[in-house]
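A.B. asks: how would this look folded up:
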Amino acid sequence: MDSKRNKAPTKNEVKTKYRRSSGEGSIFLRKDGRWSGAITIGHDENGKIIKKTVYGRNQTEVAKKLSEISGRLKSNSYEAMETKTFGQLMLEWLLVFKKSSVTPRTFEGIIRNFKLHIEPIIGNMKVYQIDTFVVQQVINKLIDAEYSLNVIKKNKHLIGQFFEYAIDNKWVQENPTRKVVVKARDRKIYSGQDRYKALTPEARKEFLTVLNQDEANFLKPLCYVLLFAGLRIGEAIALQWKNVNFENKTLKVERSVTQVPKFDSEGRILSRATVIGDTKTTCSVREIPITDIVVNTLLAWRDKQIERERINRDVTAELTAPTSFIFANDDGSVRTYSGCRMIFDRFIKRHNLGKYNIHFHGLRHTFSNMLFEMNENPKAIQQLLGHRDVKTTITVYNSVDNEYIRNTTDKLNEKIKEVEMYLDDQKRHEDLENRKNDLISRMTDEEYDDLLMQLLEERKERKHKKEEDMEM
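C.D. replies: Prediction:
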């Protein structure tokens, strides 16, 4: 009797249904060999039970799926999980939670990453359908499209943050990004055409030449502050005259001008407002020494502003007061980034400098690059630039061009040649000594004495000839 009850089922028999805890569904093996499970998810308007059926390759896989559904039911968000896509739920999370935890400019970049790189690929899937394999495919597509390592890591981190939120809400049990691999790729060799990179020595020379020939407005002093003091464009626009100590030759960076975007309910930008706020990071607040060229340029600009106040009727504000903006509009208001950029772009076009892809931020990169070319300490460069991490200074703001590298290798070649010449001379001397010693070792005593006498006679003759030459 007992042996009959414990007898394993034959191939064509179906195993007894595996019961789970109350309300958590049941699991059984189907006739086609697949495992299946069902769970009650509610009742319809007539009171009829509604069940959700899942399938899997084995009992464990089905049990996991039923457990996840059970968790979603307990979180009171099952209906949202079934009716909304991953893209819709992530966008809601971004607008409700992420938006309030970062600055508007940072949120703008986050929304852009989501809409460009995440939503088009997995936006139409359900949250519970996204596993490590799916996220790895997203990352691989970004890698294949040759996006920067920074962009790839940001997208992975953003998906991971959302899934931590999903775990807290019992939508899923695991974060699929934890086992996703992002392989570090070699940085591209700087070609001089990359956005925001430093100007080559050739571009610097031509840019400064035409900049000094075109002094009609504020552009020259502004570019000098970016190029020879390393400020960000927002930091430079926000400078006031009180921030400059001409006697001590220092510049104090306290604030920054930025554009704050406003978003609609779908994360689209409605408008932008120019505001004066804190610097990019706390480390960006700094007082830095400035070069004579910056001091003299700002002094000349101040004199020009004083003259404009006196003769120009369009100037309606005191432009050189301590609290006045150094690069203010004629009414004393702060300039906007877009207005400065428009004037700058016209200047670049007017002087045919478009081939160099010069950007405001590229001038800041150039300042850093010139310091690296002088072999300055990266920590000192970090403090001048106001970076929080010296790694940013070294990896992002160090794009030493090929000409500088060529000069460096040329110097190295000269050193190597000097060493080679020394080694060659040393080798020739050693060969000569070896030959001399070998020759002497094979001579008889009489031959050696004869050679010595011959050398003494030759020396005496040379000395005598030298004395005769001196008498003449």
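A.B. asks: Can you list the buried residues in the helix or strand where K252 lies?
C.D. replies: Using DSSP states H and E, K252 sits within strand 250-253. For strand 250-253, burial by neighbour count (16 or more other CB atoms under 10 Å) applies to 251, 253. C-beta: built from backbone N, CA, C; applies to glycine.
A.B. asks: next one: the next helix or strand after that strand to chain centre, how far?
C.D. replies: Note on strand 250-253: by DSSP H and E, the next helix or strand toward the C-terminus is strand 255-263. Centroid separation between strand 255-263 and its chain, computed with CA atoms, centre = their mean, to the nearest Å, is 21 Å.
A.B. asks: helices or strands next to strand 255-263 in the packing?
C.D. replies: Here strand 255-263 touches helix 104-113, helix 233-237, strand 269-278, helix 337-350, going by 3 or more CB pairs under 8 Å, 6 or more residues apart in numbering; DSSP states H and E.
A.B. asks: Surely A203 touches G362?
C.D. replies: No - assessed by CB atoms under 8 Å, A203 is found out of contact with G362, at 9.1 Å.
A.B. asks: Settle it for me: which of the two has more neighbours?
C.D. replies: G362 (23 against 19; other CB atoms under 10 Å).
A.B. asks: Tell me if I am right that that one is in a helix.
C.D. replies: Yes - assessed with DSSP: H, G, I helix; E, B strand; the rest coil, G362 lies in a helix.
A.B. asks: hmm, back to that, nearest to I293, of the helices and strands packed on strand 255-263?
C.D. replies: In terms of CB to CB, the element of those nearest to I293 is helix 233-237, at 15.2 Å.
A.B. asks: if we look at the strand holding K252, which residues are touching it?
C.D. replies: By CB atoms under 8 Å, 6 or more residues apart in numbering, the surrounding residues in contact with strand 250-253 are 225, 229, 231, 235, 239, 243-245, 279, 284-290, 294, 386.
A.B. asks: Who does it pair with, and is each partner parallel or antiparallel?
C.D. replies: In its sheet, strand 250-253 lies beside strand 244-245 (antiparallel), strand 286-289 (antiparallel), with partners assigned from DSSP bridges.
A.B. asks: and those, which one is worst for confidence?
C.D. replies: Among the strands paired with strand 250-253, strand 286-289 has the lowest mean pLDDT, at a mean of 90.
A.B. asks: ok so, going back, average pLDDT across the strand holding K252?
C.D. replies: 93.
A.B. asks: Take whichever strand or helix holds L299, keep the C-alpha atoms, and write them as CSV.
C.D. replies: If you go by DSSP H and E, L299 is part of helix 292-311. Only the C-alpha atoms of helix 292-311 are listed here, as CSV (Å, rounded to 0.1, in the frame of the first residue of the first chain):
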residue,chain,number,x,y,z
ASP,A,292,49.2,90.1,-15.4
ILE,A,293,47.5,89.8,-18.8
VAL,A,294,44.1,89.3,-17.1
VAL,A,295,44.7,92.1,-14.6
ASN,A,296,45.7,94.6,-17.4
THR,A,297,42.8,93.5,-19.6
LEU,A,298,40.3,94.1,-16.9
LEU,A,299,41.8,97.4,-16.0
ALA,A,300,41.6,98.5,-19.6
TRP,A,301,38.0,97.3,-19.8
ARG,A,302,37.1,99.2,-16.6
ASP,A,303,38.5,102.4,-18.1
LYS,A,304,36.5,101.8,-21.3
GLN,A,305,33.3,101.3,-19.3
ILE,A,306,34.0,104.6,-17.4
GLU,A,307,34.3,106.4,-20.7
ARG,A,308,31.1,104.8,-22.0
GLU,A,309,29.3,106.0,-18.9
ARG,A,310,30.4,109.5,-19.7
ILE,A,311,29.6,109.7,-23.4
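A.B. asks: So which elements touch it?
C.D. replies: Applying 3+ CB pairs under 8 Å, 6+ apart, we find helix 292-311 packed against helix 219-229.
A.B. asks: Could you tell me the angle between the helix it packs on and helix 292-311?
C.D. replies: 160 degrees (axes from the mean of the first three to the mean of the last three CA atoms, to 10 degrees).
A.B. asks: going forward, begin numbering at 37 instead of 1
C.D. replies: Will do, 37 is the new start, and the previous item becomes helix 255-265.
A.B. asks: Just the angle for helix 255-265 relative to helix 373-386, thanks.
C.D. replies: 100 degrees.
A.B. asks: number of nearby residues for K316?
C.D. replies: K316: 18 neighbours (other CB under 10 Å).
A.B. asks: For it, which three-state class applies?
C.D. replies: Per three-state DSSP, the local secondary structure of K316 is coil.
A.B. asks: which residues sit in contact with it?
C.D. replies: Counting by CB under 8 Å, 6+ apart, K316 has contacts 268, 270, 292, 422.
A.B. asks: picking up where we left off before, please identify which of the helices and strands packed on strand 291-299 is closest to T245.
C.D. replies: Closest among those, using CB to CB: helix 373-386, at 12.9 Å.
A.B. asks: same for the closest one, what does it pack against?
C.D. replies: So helix 373-386, by 3+ CB pairs under 8 Å, 6+ apart, packs with helix 255-265, helix 269-273, strand 291-299, helix 396-409.
A.B. asks: is it fair to say N160 lies in a strand?
C.D. replies: No - counting by three-state DSSP, N160 is not found in a strand; it is coil.
A.B. asks: burial count for the closest residue to it other than its chain neighbours?
C.D. replies: Nearest non-adjacent residue to N160, counting by CB to CB, 6 or more residues apart in numbering: T121, 5.3 Å away. Neighbours of T121 under the rule other CB under 10 Å: 16.
A.B. asks: again with the one 5 residues further on
C.D. replies: A count of neighbours around M126, defined by other CB under 10 Å, yields 25.
A.B. asks: element containing it?
C.D. replies: Counting by DSSP H and E, M126 is part of helix 122-129.
A.B. asks: Now that helix: buried residues?
C.D. replies: Quick answer for helix 122-129 (16+ other CB under 10 Å): 122-123, 125-127, 129.
A.B. asks: quick one, it and helix 140-149 angle?
C.D. replies: 170 degrees.
A.B. asks: quick revisit: shared neighbours of A239 and G398, anything?
C.D. replies: In contact with both A239 and G398: no residue, using CB under 8 Å, 6+ apart.
A.B. asks: now stretch 390-399: how far from the chain's centre is it?
C.D. replies: With CA atoms, centre = their mean, you get 18 Å for stretch 390-399.
A.B. asks: Please apply the same query to stretch 132-148.
C.D. replies: With CA atoms, centre = their mean, you get 18 Å for stretch 132-148.
A.B. asks: Which parts of the stretch 337-486 of the chain are helices?
C.D. replies: Along the stretch 337-486 of the chain, the stretches classed as helices by DSSP state H, counting those that start in this stretch are 373-386, 396-409, 414-421, 426-431, 438-477, 481-507.
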